[in-house]
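Enquirer: Pasting the sequence and the predicted model now:
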Protein chains: 2
Amino acid sequence: MAGQSDILRRLGRAVTRGREEILRILAESPLPLTPRGIRDKFTDPKPDAATVYRNLALLSSLGLVRSVALHERSRRYEATEVGAHRHRVVCRSCGRIEAFPARECDLSRIENDIRSRLGFRVTDHSLEFFGKCPGCLGKGNRP
Amino acid sequence: MAGQSDILRRLGRAVTRGREEILRILAESPLPLTPRGIRDKFTDPKPDAATVYRNLALLSSLGLVRSVALHERSRRYEATEVGAHRHRVVCRSCGRIEAFPARECDLSRIENDIRSRLGFRVTDHSLEFFGKCPGCLGKGNRP
DNA sequence: GCGCAACTTGCAAGTCTTTTGCAAATGCAA
DNA sequence: TTGCATTTGCAAAAGACTTGCAAGTTGCGC
């Protein structure tokens, strides 16, 4: 998809291998990735970690990628897909993350409520579920 | 509230000043605090940062406190109040965090869906809204 | 294609949060 | 009060990110 490179170009930002790869890697990943995980998916020569961080910050400020907070040590990023709206299920035992496309997450009423009661303009939200995955439920550790 | 100290005692964990203070500080805070922020609220002598981290890990594993991921550099913690269920609104411009007691966040249908479709047993969820607070909306920076 | 200016990258060093080892201090049950 | 497991403080380390700077690329006009 050249659309995102166009966005970069139009904003006067260079289209580099690093940036295109990050967008591709995130677009192909079913789950959000850490900066480290992203770098690992590069074929050699891998970019410096600092470059990955800088590019994620840039792409994030342009709205092309988005960071996801999953109570982990490191942050994760995912590609911003127009229209698509995913949430995640995280296993507290093994850390497994699974995407969960909420068929209808109607939070618009709550968002309206927030606007009228607090004067906040909500631009996005994050919704994650935590619990135990089937595998860990079977093992019966810490039920 | 002595109930929480009882829980510690019953589990064979010592009831120390550090632990009681953390529970009290979090219970009194309207917003989730970082480990650093918690330590700052101690009256001298303040515990070592390592102790705060260790105790937060302990209290968290016992379910007495819970960590909240707000896309910040540091994690935040809040006291677990039975029944109470809060969400937060975070300003992307100034970082201001506001508690938002959702009158009805009916995610139970989604949680049921997750259980039946993925086999995941959901124990809790995190829901945060991001946007701009009234103050920053007024300033008109990055509308 | 060429060259310049602006933007990017790699590298190294630095910051900040969180974790860990260990000996001294403390909590608690008997 | 004693004994012993649990906790704490301290110091060092690990890990995630950030920043300064010189060298390397990209984009644009020619």
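Expert: Done, it's in.

Enquirer: Are stretch A:3-19 and chain B in contact anywhere?
Expert: No: with C-beta under 8 Å from any C-beta of the partner chain as the criterion, chain B is not reached by stretch A:3-19; the gap is at least 14.1 Å. Every residue, glycine included, has its C-beta placed from N, CA and C.

Enquirer: Send me that stretch as CSV with only the CA atoms.
Expert: What follows is stretch A:3-19 as a C-alpha-only set of coordinates in CSV (Å, rounded to 0.1, in the frame of the first residue of the first chain):
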residue,chain,number,x,y,z
GLY,A,3,-0.9,5.4,0.6
GLN,A,4,1.0,5.7,3.8
SER,A,5,4.2,6.6,2.1
ASP,A,6,2.3,9.3,0.3
ILE,A,7,1.2,10.7,3.6
LEU,A,8,4.8,10.9,4.7
ARG,A,9,5.9,12.5,1.5
ARG,A,10,3.1,15.0,1.6
LEU,A,11,4.1,16.0,5.1
GLY,A,12,7.7,16.6,4.0
ARG,A,13,9.0,13.5,5.8
ALA,A,14,11.3,11.2,4.0
VAL,A,15,10.1,7.8,2.9
THR,A,16,12.9,5.5,4.2
ARG,A,17,13.3,1.7,4.3
GLY,A,18,12.9,1.8,8.1
ARG,A,19,9.6,3.6,8.0
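
Enquirer: Can you list the buried residues in that stretch?
Expert: Under the neighbour-count criterion of 16 or more other C-beta atoms under 10 Å in any protein chain shown, stretch A:3-19 has A:4-5, A:7-8, A:18-19 buried.

Enquirer: got the phi/psi numbers for the residue nearest the centre of chain A?
Expert: Geometric centre of chain A, nearest residue: A:Glu78, 2.7 Å, by C-alpha atoms, centre = their mean. Backbone geometry at A:Glu78, expressed as degrees, to the nearest 10, gives phi -140, psi 160.

Enquirer: Same question for A:Ser126.
Expert: Dihedral angles (degrees, to the nearest 10) for A:Ser126: phi -130, psi 130.

Enquirer: Same question for the helix or strand A:Leu58 falls within: list its buried residues.
Expert: Assigning secondary structure by DSSP states H and E places A:Leu58 in helix A:49-61. Across helix A:49-61, burial judged by 16+ other C-beta under 10 Å covers A:52, A:55-56, A:58-59.

Enquirer: what does stretch A:34-54 give?
Expert: Under the neighbour-count criterion of 16+ other C-beta under 10 Å, stretch A:34-54 has A:34-35, A:37-39, A:47, A:52 buried.

Enquirer: May I ask which two of those residues are separated the most?
Expert: Maximum pairwise distance in these, criterion C-beta to C-beta, is 14.7 Å, between A:Thr34 and A:Pro47.
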